[in-house]
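S.K.: Give me a 3D structure for the following:
(one chain, ligands or ions: 1)
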Amino acid sequence: MTRHAVTLIVVSALMMPAGAIAQSKLNVVAATEDLASLAREVGGDRTNVEAIAKGYQDPHFVEAKPSFILKLQKADLLIVVGRDLEIGWLPPLIQQSRNAKVQEGAAGYLDASQRVRILDIPTGQITRAMGDVHPLGNPHYWMDPENGRIIAKEIADRLSQFRPGDSAYFEQRRADFNVRLTEGEKRWYADMAPYKGIKIVTYHRSFSNFADRFGLDVIGYVEPRPGISPSPGHTLELVGEMKRLSVKIVLVEPYFDLKTPEAIGRATGARVLVMPPSVGGVKEATDYVSLFEYNIKLLVGGIKAVGGK
Ligand SMILES: [Zn+2]
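M.R.: The predicted structure is shown next:
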């Protein structure tokens, strides 16, 4: 530790009221339950972590509530998914919080997408005809455990900056999380190994990173374009393509209407699986590791039920 850092700690300790040092916790607000889960893994009881968007909600469209502004007013650190995922609802909340600590660019604003692997970065010109394409790439990147590991590290680093005295604690918790994640990955990769390259369809592009990591080949989407509701013409085309390629699995996020996916399932004999892309999307997915545990089990069960191909 540098002498400068030591001085800072002493000064800030002197400025705190007596007895406040031991119990004061960092207030962390995460845009989604996934980031909140990773923050809890790392922050443990030295932090107070809350999420804004619930895991069963579409994270592109979250209804702003006054309670969210209150959360942001008290926050020491705000963690966002970034890549424009929350662009429709989060910036006004941050602004209205008037909390200088968590404004974009401040030390208390952490964009979790900065060091992770981002897929679907568009090349060439983006036009409106392409739908709600994110010019900064696919924002659903947390669905890859490798990225989860990187995000946990980013969070640990930032928390340590705020609380250098707790950095060993955060680092230990991050290391413990890594061990559990690695153990999980071994199981998940082994469970998925027999089905490498299996062709699937998903509703939205929420599973690009997940598919890439676990060897799934996404051949199409129920949405004609990202963020655009199903259309009869596109559905007909998709059914034809699924029949041609014998696609038997359709993944649907819990917050989408099942009518079109079920019609597709009836027309093709495919199984429709409601798969949460987020912690809290189903009650079994209570944290980051159990989200993958649940999804891999659901997927393997579904694949076996349609004949294992
Ligand atoms: Zn999306």
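
S.K.: What separation is there between A106 and Y221?
M.R.: 37 Å (C-beta to C-beta, to the nearest Å). C-beta coordinates here come from the backbone N, C-alpha and C atoms, glycine included.

S.K.: Repeat that for T286.
M.R.: 28 Å.

S.K.: When these two are compared, which one has more neighbours?
M.R.: Remark: of T286 and Y221, Y221 carries more neighbours, 20 against 16, as counted by other C-beta atoms under 10 Å.

S.K.: pLDDT value on the more buried one, please?
M.R.: In this model, Y221 is scored at 98, pLDDT.

S.K.: what's near enough to touch it?
M.R.: V201, T202, Y203, H204, R205, L238 (C-beta atoms under 8 Å, 6 or more residues apart in numbering).

S.K.: Tell me where the stretch 101-250 of the chain has helices.
M.R.: Secondary structure of the stretch 101-250 of the chain (DSSP state H, counting those that start in this stretch): helices at 145-162, 167-192, 208-214, 232-245.

S.K.: Save those helices as JSON lines, and put in mean pLDDT, distance to V62 and mean neighbour count too.
M.R.: Shown next, in JSON lines, are the helices of the stretch 101-250 of the chain (pLDDT from 0 to 100; distance: least, C-beta to C-beta, whole Å; neighbours: other C-beta atoms under 10 Å):
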{"stretch": "helix 145-162", "mean pLDDT": "98", "distance to V62": "20", "mean neighbour count": "21"}
{"stretch": "helix 167-192", "mean pLDDT": "98", "distance to V62": "26", "mean neighbour count": "16"}
{"stretch": "helix 208-214", "mean pLDDT": "98", "distance to V62": "21", "mean neighbour count": "22"}
{"stretch": "helix 232-245", "mean pLDDT": "98", "distance to V62": "26", "mean neighbour count": "15"}
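
S.K.: mind putting those helices in CSV, distance to T268 included?
M.R.: Output for the helices of the stretch 101-250 of the chain, formatted as CSV (distance: least, C-beta to C-beta, whole Å):
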stretch, distance to T268
helix 145-162, 30
helix 167-192, 22
helix 208-214, 19
helix 232-245, 5
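
S.K.: nearest to P91, of the ones you listed?
M.R.: P91 sits nearest to helix 145-162 of all these, at 20.3 Å, using C-beta to C-beta.

S.K.: Under the pLDDT cut-off, which ranges of the stretch 1-150 of the chain? List them.
M.R.: 1-23, 126, 128-133 (pLDDT under 70).

S.K.: Which parts of it are strands?
M.R.: Here the stretch 1-150 of the chain has its strands, by DSSP state E, counting those that start in this stretch, at 26-30, 47-51, 77-80, 109-111.

S.K.: just so I know, which of these lies nearest Y294?
M.R.: Comparing the strands of the stretch 1-150 of the chain by C-beta to C-beta, strand 47-51 comes nearest, at 17.9 Å.

S.K.: tell me the angle of the closest one relative to helix 145-162?
M.R.: 130 degrees (axes from the mean of the first three to the mean of the last three C-alpha atoms, to 10 degrees).

S.K.: In contact with E41: list those residues for me.
M.R.: So E41 contacts A152, R173, R174, F177, D287, Y288 (C-beta under 8 Å, 6+ apart).

S.K.: my guess is D120 meets F207, correct?
M.R.: No: checked against C-beta atoms under 8 Å, the pair D120 and F207 is beyond contact range at 11.4 Å.

S.K.: These two: which is more packed in?
M.R.: It is F207, of D120 and F207, that has more neighbours when counted by other C-beta under 10 Å, with 26 against 18.

S.K.: any idea how far the more buried one lies from I69?
M.R.: 32 Å.

S.K.: Then A112?
M.R.: 21 Å.

S.K.: Look at the two and report which has more neighbours.
M.R.: A112 (28 against 17).

S.K.: tell me the phi and psi of that one?
M.R.: Backbone torsions of A112, given as degrees, to the nearest 10, read phi -70, psi -10.

S.K.: residues contacting it?
M.R.: By C-beta under 8 Å, 6+ apart, the contact list for A112 reads L35, L38, I79, V80, V81, G82, W142, I151, E154, I155.

S.K.: who are the neighbours in contact with the residue nearest to the fourth one when sequence neighbours are not counted?
M.R.: Residue nearest to V80 in three dimensions, not counting chain neighbours: A31, with 4.6 Å by C-beta to C-beta, 6 or more residues apart in numbering. By C-beta under 8 Å, 6+ apart, A31 lies in contact with A51, I52, A53, P59, L78, I79, V80, V81, L85, E86, L90.

S.K.: Equivalent analysis for Y195, please.
M.R.: G215, L216, V300, I303, G308, K309.

S.K.: List the contacts of R46.
M.R.: K25, L26, L159, R163, D166, Y169, F170.

S.K.: Assess the claim that the third one and G43 are in contact.
M.R.: What that stands for is L159. Yes: under the criterion of C-beta under 8 Å, L159 makes contact with G43 at 5.8 Å.
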